[in-house]
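**Q** Compute the structure for the input listed below.
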Amino acid sequence: MVVAVLLAIIAVVFLYEQNFVAQPSHPSNQDLWYETLQDNPAFALALQEEGQGDYGAGAESVKQALASAAKSDQMQLLAVYLGVAYGYAGDYQNAVTQLEQVVATNSDTPDTRAFAAEQLALAYSRNPAANSVLAMLQQPAYKSLYVATSTNLTARGLFLYATAIKPLPLSEYNIANTFATSIFNQSLVGTTSPAGKAQFASLEQKLKNRLLAGDAALATLDQVPYPSYEPEAQALKALVLGKLQIMGDTSLGDASQAYTTALASYALQGAQDGQVRIWYASFLAAAYGTSRLADIESVLAPIYQDPTHRGVTVVSTLQSYVGALNSSSKRSLATLAAIDPQFRTFLQSLGWTAKDFSATIVQTSTTTTK
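**A** Purely as a prediction, here's the structure:
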């Protein structure tokens, strides 16, 4: 789950697999998730309501689930989910307050605290202008992390804060992504000046270090907060690898292969993968243009052909761009629409007009990615 409702196109969408599994005697966080789902009907109801897009009812059901929980480990997990549920319902003030309380809790469960801190970082990165988020950043624990002139650096600081509690893969991969953003924001790819080359090399190495740290955290992760956490981490890794590949570096892996792995992981969980498919198609379009037309269409097709791949949040995200100002994310979607007419038709069904498609930038030649 995530805290923001109006997600940027680079959002990580939190979804749930609804089946039950046998429980060991000493549950990990993933097993705790299933245990809580089995023990607490209100929690199960909340996930069903949120899956149907009824976020207000979902938040109330999570609140009831927390009030009725009897086990301390379930209470702490539900305390995080209450903050996330408030955010889904658009109540950012209560969302941030609730997550802050979990982070500030003195407990011997750093996994849950790190997860709550990770959610706070995600809340900021997706809605940096929210008053509740800005108010949080004025508090002593977070004030030093706030960079008024840079949402990217502020997000990096918040994710670093989360990893200081315990390294979690989503936080590590998000930190890597902020270094990629810095590189692109400063137009350092292909720079020829000595100073620019040095800056590019420094940021790229930091990106790669954090990507490797994310791999290490993912490999040793034995307590996941919900079933689709690992697929989401795989997807974010693929996103960062794609940016590295566009920079000309494939030393840490091939982005297409990483996306294939992520999609397989989503399929194994039975989770909606629409957001990942948009990332993947956007990468293919940016790196290869129309030379990978068939692959782009194949990746996007399940989104407009099968609602089970789509997800409520993906639809609301795509609709949020209708009439919005042009941005890199919107241009990326318009480019995909220019490449895949059926995706264009799908966006039109969501309200997109000719004006929304007007900033299309289509790359027709293959970009070198060595």
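
**Q** Now Asp73: phi and psi?
**A** Reported as degrees, to the nearest 10, the phi and psi values for Asp73 are phi -70, psi -40.

**Q** ok, now Ala69?
**A** Torsion angles, degrees, to the nearest 10, at Ala69: phi -70, psi 140.

**Q** Contact partners for it?
**A** Ala69 is in contact with 36, 39-40, 75, 78, counting by C-beta atoms under 8 Å, 6 or more residues apart in numbering. Heads up, the C-betas are built off the backbone N, CA and C, glycines and all.

**Q** most neighbours, which of the residues you listed?
**A** Leu78 (25 neighbours; other C-beta atoms under 10 Å).

**Q** Look up how far Gln48 lies from that one.
**A** Distance from Leu78 to Gln48, counting by C-beta to C-beta, to the nearest Å: 16 Å.

**Q** For Gln342, list the residues it contacts.
**A** Contacts for Gln342 were tallied using C-beta under 8 Å, 6+ apart; they are 297, 300-301, 304.

**Q** Name the member of these with the most neighbours.
**A** When neighbours are counted by other C-beta under 10 Å, Leu300 leads the contacts of Gln342 with 25 neighbours.

**Q** ok so, going back, could you redo the contacts of Ala69 as TSV and give each row distance to Trp352?
**A** What follows is these, written out as TSV (distance: C-beta to C-beta, whole Å):
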residue	distance to Trp352
Thr36	40
Asp39	44
Asn40	41
Met75	44
Leu78	38
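
**Q** wait, which of the residues you listed is closest to Ala264?
**A** When the contacts of Ala69 are ranked by distance to Ala264 (C-beta to C-beta), Thr36 comes first, at 27.0 Å.

**Q** right, and Glu100 touches Met136 too?
**A** Yes. The criterion here is C-beta atoms under 8 Å, and Glu100 meets it with Met136 at 6.3 Å.

**Q** List the buried residues for stretch 37-53?
**A** Neighbour counts over stretch 37-53 (16 or more other C-beta atoms under 10 Å) mark 37, 40, 42-47, 49-50 as buried.

**Q** How about stretch 204-223?
**A** 204, 206-208, 210-211, 213-215, 217-218, 221, 223.

**Q** Sitting in helices, which of those residues do you find?
**A** 204, 206-208, 210-211, 213-215, 217-218 (DSSP state H).

**Q** follow-up on the earlier one: switch the buried residues of stretch 37-53 over to a markdown table; also include secondary structure.
**A** Below are the buried residues of stretch 37-53 laid out as a markdown table (DSSP: H, G, I helix; E, B strand; the rest coil):
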| residue | secondary structure |
| --- | --- |
| Leu37 | helix |
| Asn40 | coil |
| Ala42 | helix |
| Phe43 | helix |
| Ala44 | helix |
| Leu45 | helix |
| Ala46 | helix |
| Leu47 | helix |
| Glu49 | helix |
| Glu50 | helix |
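
**Q** Out of the residues you listed, name the two that are farthest from one another.
**A** The farthest-apart pair in these, when distances are taken by C-beta to C-beta, is Asn40 and Glu50, at 14.8 Å.

**Q** secondary structure element for the closest residue to Tyr229 other than its chain neighbours?
**A** Distance criterion C-beta to C-beta, 6 or more residues apart in numbering; nearest residue to Tyr229, sequence neighbours excluded, is Leu170 at 7.3 Å. Element membership of Leu170, judged by DSSP states H and E, is helix 169-185.

**Q** Restricting to C-alpha, output stretch 65-79 in PDB.
**A** What follows is stretch 65-79, C-alpha atoms only, in PDB (Å, rounded to 0.1, in the frame of the first residue of the first chain):
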ATOM      1  CA  ALA A  65      -9.000  -3.900  13.200                       C
ATOM      2  CA  LEU A  66      -6.400  -2.100  15.300                       C
ATOM      3  CA  ALA A  67      -8.900  -1.400  18.100                       C
ATOM      4  CA  SER A  68      -9.800  -5.100  18.200                       C
ATOM      5  CA  ALA A  69      -6.300  -6.600  17.900                       C
ATOM      6  CA  ALA A  70      -5.100  -8.600  20.900                       C
ATOM      7  CA  LYS A  71      -1.500  -9.400  20.100                       C
ATOM      8  CA  SER A  72       1.200  -6.800  20.300                       C
ATOM      9  CA  ASP A  73       2.900  -7.700  17.100                       C
ATOM     10  CA  GLN A  74      -0.300  -7.600  15.200                       C
ATOM     11  CA  MET A  75      -1.100  -4.200  16.800                       C
ATOM     12  CA  GLN A  76       2.200  -2.700  15.700                       C
ATOM     13  CA  LEU A  77       1.700  -4.000  12.100                       C
ATOM     14  CA  LEU A  78      -1.900  -2.700  12.000                       C
ATOM     15  CA  ALA A  79      -0.700   0.700  13.400                       C
END
